[in-house]
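S.K.: model this:
(one chain, ligands or ions: 1)
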Amino acid sequence: MRMLAEKTKRTIYTEAMEIFEHAADLIGLDPRVRLELEEPDYEHIFYVTVKLRERLVPLPKEEQKRYADLPESVVTEGLEPLADGRFIIRGKALLRSNVTVRDGVIRLAGNGLYRLEPAQVRRFKAYRVQHNQARGPYKGGVRYHKEVSLDLFKSLAAEMTWKTAIADIPFGGAKGGIKIDPRHYSKEELERITLRYMYRLKDLVGPHRDIPAPDVGTNPEVMGWMFRQYSDGERERHNLRGVVTGKDVRIGGSEGRVKATGQGLAYCVEDWYADRKQTVAGQTFILQGYGNVGSNAAEILCSMGAKLVAVNDADGTIYNPQGIDPVRLTAYVYGNPKNINKSIAGYPEAEAISKKAFWETQADFAVPAALGGEINADIAEHLKVKLVAEGANGPTTPDADEVLQARKIELIPDIIANSGGVTVSYYEWLQNQRMEHWTEVEVNDRLQRAIKTNWRIIRDIAKNQPRHNADYDSRRYCVGREVDTRTAAMVLALKRIEAHYQLEGFSQ
Ligand code: NAD
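M.R.: Next comes the predicted model:
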């Protein structure tokens, strides 16, 4: 099988599946189970269309000279700024007598020159990949991003199959989304795009079929729109609440869900140190990505006494060896409406450094929590940390993995380190089914037990240390020799999935 993968062209998917192939070889995975898992059950590709509003687009520099004499227009209402510098025009904002438009160009007071872009209809490519459902309904996030592809969603969907098995929750794996840069669209446009996406997905998802959740570029509000579309016209809407997770807590979301991925990562890091008879307190770390995962992981780790010394995001990098206070950083990024890119760049209590210097910062551990493929072999060669705890999905390339192993830098792989989100998604779904509402303390108690138990089993597999105690039993998972933690996590996933096929059988 490995030979087969080597002969085919290397893609994001084949690369992501290398670890699967490796673990499958190692445990002698049942050949039919292997074939079931090597490709997704279903790959849905479709298009959503939407009518956009009129907008103002900054005029390119080379055209600006021609309009040097255009007077300023004061438009006080009806313009909605977008994160990319454009404006959406609502109603008749530009039809007033004091507004001057020439050849479709306007000079906005205090803002410069813009070209009027008429309302138009657009088509977006959309996806839902359903990888496997042997252990339960398909489960996985919805990503709105300009760089997505079938290949990427296939690998992310497969990763969800492994992750739900490792988290030991009764779900399978899926992933999907839309090829779109959400920064170019207004909230109202994104709402209409989402409603159309869910309209097309209606027959493919459901509380017992496939359960989407937020991912990059989507949030609880988007889940609310998806729920509304799915349950539209149903009198007993409450029965359908479990169709999406990551909802606002006021409409059936779970306490602790927003922080769950960062919380789970912090539990893993805490246990990694506990295993060495140390604590998180006093450990320094660098963090890439200050979104949902990164900012919450930072706040929780620092509340445990860790010190954040450098942060990198899409727009900049900051460094302060005395420590960066994540509560103040979060207020700077998310509490200030003027910080339109929601970026750490320009944070006054730290100095700006280069991205290269960020990866070379001396610290005890690193948390990549942005996008995939960020730690390549070259970066891995220069890291000055003892541990990488993967918040993002697939942040370390396979080549970099080899470098980390050679340099004895330890790894808490993504499929366990960021499984807190999907675990609490399962708690949300359970609460929805049971019409219950748990407190954050109840949620975190369960999450802590679950994530630490599964992480300890992975550690036992890695160290080839079969153990049986009151909390867990790792005896049936160890493979008779030591393996790296990423392989150990995959072994755990495959053995749990294989058990379903072996004990439940195939329907022909
Ligand atoms: P988010 O959109 O809230 O934040 C993403 C962050 O990454 C932002 O700070 C952005 O500036 C930064 N970023 C983007 N491109 C970058 C680049 N090229 N270089 C440096 N920084 C960059 O996303 P999120 O929900 O925090 O998710 C982050 C990662 O964690 C993703 O890989 C996602 O799949 C994974 N993940 C998220 C969850 C969850 O519950 N949100 C669960 C599991 C895994």
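S.K.: what about stretch 306-322, start to end distance?
M.R.: Start to finish, the residues bounding stretch 306-322 are 12 Å apart (C-alpha to C-alpha, to the nearest Å).
S.K.: Quick check: Lys384 touching Asp364?
M.R.: No - counting by C-beta atoms under 8 Å, Lys384 does not reach Asp364; the two are 9.7 Å apart. The C-beta positions use only the backbone N, C-alpha and C, and glycine is treated the same way.
S.K.: Which one of these two is surrounded by more residues?
M.R.: Higher neighbour count among Lys384 and Asp364: Asp364, with 20 against 13, using other C-beta atoms under 10 Å.
S.K.: ok, the spatially closest residue to that one that is not a sequence neighbour - how many residues close by?
M.R.: Nearest residue to Asp364, sequence neighbours excluded (C-beta to C-beta, 6 or more residues apart in numbering): Gln283, at 4.1 Å. Residues near Gln283, counting by other C-beta under 10 Å, number 21.
S.K.: Pick out the residue of this protein closest to the ligand.
M.R.: Gly291 (1.7 Å; C-beta to the nearest ligand atom).
S.K.: count of neighbours near that residue?
M.R.: 20.
S.K.: list the contacts for Ile457?
M.R.: Counting by C-beta atoms under 8 Å, 6 or more residues apart in numbering, Ile457 makes contact with 472, 474, 477, 492.
S.K.: again, only this time at 10 Å
M.R.: Neighbouring residues of Ile457 by C-beta atoms under 10 Å, 6 or more residues apart in numbering: 166, 168, 416, 467, 471-478, 488-489, 491-492.
S.K.: do Asn239 as well
M.R.: Contacts of Asn239 by C-beta under 10 Å, 6+ apart are 207, 231, 432-433, 435.
S.K.: Now Ala298: closest residue in space, sequence neighbours ignored.
M.R.: Nearest to Ala298 is Pro326, by C-beta to C-beta, 6+ apart, at 3.9 Å.
S.K.: got it, and Gly172?
M.R.: Nearest residue to Gly172 in three dimensions, chain neighbours excluded: Gln133, at 3.8 Å (C-beta to C-beta, 6+ apart).
S.K.: likewise Val309?
M.R.: Per C-beta to C-beta, 6+ apart, closest to Val309 is Thr284, 5.0 Å.
S.K.: The one you found reaches Leu387, doesn't it?
M.R.: No - with contact defined as C-beta atoms under 10 Å, Thr284 does not reach Leu387; the gap is 11.4 Å.
S.K.: Between the two, which is the more surrounded one?
M.R.: Regarding Thr284 and Leu387, a neighbour count based on other C-beta under 10 Å identifies Leu387 as having more, with 21 against 17.
S.K.: Backbone dihedrals for that one, please?
M.R.: When read as degrees, to the nearest 10, the backbone of Leu387 gives phi -140, psi 140.
S.K.: list the contacts for it?
M.R.: Counting by C-beta under 10 Å, 6+ apart, Leu387 has contacts 268-269, 272-273, 283, 285, 363-367, 404, 409-412.
S.K.: how many neighbours does Gly256 have?
M.R.: As a burial measure, Gly256 scores 22 neighbours (other C-beta under 10 Å).
S.K.: So it sits against Arg446, correct?
M.R.: Yes - Gly256 lies in contact with Arg446 (C-beta under 10 Å); the separation is 9.5 Å.
S.K.: Return every residue with contacts to both of the two.
M.R.: Listed as contacting both Gly256 and Arg446 by C-beta under 10 Å, 6+ apart are 424, 427, 438.
S.K.: what residue ranges in the chain score low on pLDDT?
M.R.: Applying pLDDT under 70 to the chain flags residues 1-8, 93, 95-97, 508.
S.K.: Outline the domain layout of it.
M.R.: Domain assignment for the chain, taken from automatic domain parsing, gives 40-50+126-250, 53-119, 260-417, 423-504.
S.K.: top of the shared contacts of Gly256 and Arg446 by neighbour count?
M.R.: Within the shared contacts of Gly256 and Arg446, most neighbours by other C-beta under 10 Å means Val424, with 32 neighbours.
S.K.: biggest helix in this structure by residues?
M.R.: helix 440-463 (DSSP state H).
S.K.: just to revisit the earlier point, now, the contacts of Ile457 that are in helices?
M.R.: Among the contacts of Ile457, the members falling in helices (DSSP H) are 166, 416, 488-489, 491-492.
S.K.: wouldn't Arg66 be in contact with Pro60 here?
M.R.: No - distance between Arg66 and Pro60: 11.0 Å, which falls outside the contact criterion (C-beta under 10 Å).
S.K.: out of the two, which sits in the more crowded spot?
M.R.: Applying other C-beta under 10 Å to Arg66 and Pro60 shows that Arg66 carries more neighbours, namely 13 against 9.
S.K.: quick one, what contacts that one?
M.R.: Shown in contact with Arg66 (C-beta under 10 Å, 6+ apart): 59, 102-103, 105, 113.
S.K.: now swap in Gly291 and tell me
M.R.: By C-beta under 10 Å, 6+ apart, the contact list for Gly291 reads 216-217, 219, 262, 313-314, 333-334, 342, 369-370, 391-392.
S.K.: what about it, distance to Tyr334?
M.R.: Computed as C-beta to C-beta, to the nearest Å, the Gly291 to Tyr334 distance reads 10 Å.
S.K.: Same check on Ile412?
M.R.: Ile412 is 26 Å from Tyr334, where distance means C-beta to C-beta.
S.K.: which secondary structure elements does the one helix or strand Arg486 maps to contact?
M.R.: In the assignment (DSSP states H and E), Arg486 maps to helix 485-504. Contact partners of helix 485-504 among helices and strands, from 3 or more C-beta pairs under 10 Å, 6 or more residues apart in numbering; DSSP states H and E: helix 12-27, helix 31-38, helix 150-166, helix 398-406, strand 410-412, helix 414-417, helix 440-463.
S.K.: which of those sits most buried?
M.R.: Stretch with highest mean neighbour count among these: helix 414-417 (a mean of 29; mean count of other C-beta atoms under 10 Å).
S.K.: Could you check that one against the ligand for contacts?
M.R.: No - judged by C-beta under 6 Å from any ligand atom, helix 414-417 makes no contact with the ligand; its nearest approach is 7.1 Å.
S.K.: Downstream of that helix, the next helix or strand is which one?
M.R.: helix 420-434.
S.K.: Tell me the gap between that following helix and the middle of its chain.
M.R.: Taking C-alpha atoms, centre = their mean, to the nearest Å, one finds helix 420-434 lying 17 Å from the centre of the chain it belongs to.
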